[in-house]
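> after the sequence you'll find the predicted model.
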Amino acid sequence: MTADNKDKFKTLADWIRESKRVVVFTGAGISTESGIPDFRSPGGIWDRFDPSELSYPNFVSNQGSRKKYWEFYRENWKESAGAEPNRAHLAIAALERNGRITAVITQNIDGLHQTAGNDPEIVFELHGTMWEVRCLSCNSLYPWKEIYNLLEKGEYVHNCGHCGGLLKPATVSFGQSLPVKTLENAQRFSTNCDLFLCIGSSLVVYPAAQLPELAKNSGAKLVIINRESTPLDNISDLVIQGEAGDVMSGVVEILGLALIN
Ligand code: NAD
């Protein structure tokens with residue numbers, strides 16, 4: 001750890017201690033140390049799939065796109081199914097256990113915050129969850145494993161057993177609306193916090209990336225933790241460049257909190 005980063009860990013620990021309403025906002029980068037690749041880093045999934053092909057309008061309008069989409073999902077599930085929370089997830093769970101945070105807003109669909117021990121009631125999954133498959137017509141839910149097993153056998157995904165509607169992973173695709181209530185809650189927590197911590201997000205996917213700006217414009221301190229620079233570094237109060245696991249475990253150690261696996 002550089003001396004500069006050590007000072008920054010201490011600053012962040014002090015701010016967490018002094019703040020009354022801390023919100024944590026996470027992106028795919030928090031889960032790369034759990035073995036789930038992000039989308040935009042070199043070798044990420046967008047090097048193998050074309051995001052424009054996987055849009056919601058394409059999914060609902062043609063069977064060829066749906067087939068491509070399910071292939072993409074099968075790969076996603078295979079890569080993510082056995083993933084365990086890493087030190088960054090555990091550090092955020094430790095912050096909640098010790099009454100230090102009010103909400104976790106995540107762009108991730110992997111459920112690792114809840115597995116790490118964060119209360120599902122305070123985790124807002126802006127882009128849904130990969131662990132369920134939803135009927136686009138009647139909202140019936142199916143376990144992902146059922147559909148995954150079909151795909152592994154090379155079979156085509158059937159339509160909804162209740163209403164015949166199209167099934168799709170319960171995630172938000174390009175061109176699909178975010179869940180209204182979840183977004184409203186995320187906006188409310190972002191507006192009312194005094195410290196907003198962004199971890200492992202490229203901050204280019206909207207409307208999720210509006211939330212740090214909303215928090216900053218509402219008077220919160222904005223902190224960005226990422227291994228690379230982001231478009232919001234210039235408006236943030238503190239930028240810590242590094243691996244999410246190193247940074248977050250370092251900060252909770254300064255706060256004297258234990259990581260429980
Ligand atoms: P992204 O792929 O656009 O960006 C990831 C960011 O994390 C990058 O800026 C990268 O520099 C940084 N990063 C990667 N590993 C890091 C580490 N160990 N420590 C610190 N920083 C690290 O991801 P995004 O901004 O979340 O947007 C992509 C969308 O794709 C998300 O909205 C999400 O829905 C979806 N996605 C989710 C998962 C998941 O659930 N784990 C994985 C891939 C993509």
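Okay, I see it.

> the longest helix along the chain near the ligand anywhere?
The helix of greatest length in the chain, counted in residues with DSSP state H as the criterion, is given as helix 63-80. No. If you take Cβ under 6 Å from any ligand atom as the test, helix 63-80 misses the ligand, and the best it gets is 6.7 Å. C-beta coordinates here come from the backbone N, C-alpha and C atoms, glycine included.

> run through who's touching that helix.
Residues from elsewhere that reach helix 63-80, judged by Cβ atoms under 8 Å, 6 or more residues apart in numbering: 35-37, 45, 48-49, 53-54, 58-59, 110, 130, 144, 148, 151-152, 156-157, 166, 168-169, 173.

> near the ligand at all, the next helix or strand after it?
The C-terminal neighbour of helix 63-80 among helices and strands, as given by DSSP states H and E, is helix 87-97. No. Judged by Cβ under 6 Å from any ligand atom, helix 87-97 makes no contact with the ligand; its nearest approach is 7.3 Å.

> what does helix 87-97 contact?
Outside helix 87-97, the residues that touch it by Cβ under 8 Å, 6+ apart are 16, 22, 24, 26, 30-31, 33-34, 85, 101, 104, 112-113, 115-119, 122, 199-200, 244-249, 251-252, 255, 257-261.

> and if you look at stretch 111-125?
The set of residues external to stretch 111-125 that reach it, using Cβ under 8 Å, 6+ apart, is 26, 30-31, 34, 83-86, 89-90, 92-93, 96-97, 101-106, 108-109, 129-131, 182, 185-186, 189, 260.

> I figured residue 151 hits residue 169, correct?
No. Assessed by Cβ atoms under 8 Å, residue 151 is found out of contact with residue 169, at 11.2 Å.

> what's the spacing between residue 213 and residue 41?
Between residue 213 and residue 41 the distance, using Cβ to Cβ, to the nearest Å, works out to 23 Å.

> and what of residue 79?
Separation of residue 79 from residue 41 (Cβ to Cβ): 14 Å.

> shared neighbours, those two?
If you check residue 79 and residue 41 against Cβ under 8 Å, 6+ apart, no residue is contacted by both.

> now the end-to-end length of stretch 15-30.
Chord length of stretch 15-30, first to last residue, is 21 Å (Cα to Cα, to the nearest Å).

> do it and the ligand come into contact?
Yes. In this structure, stretch 15-30 sits against the ligand according to Cβ under 6 Å from any ligand atom; the contacting residues are 27, 28, 29.
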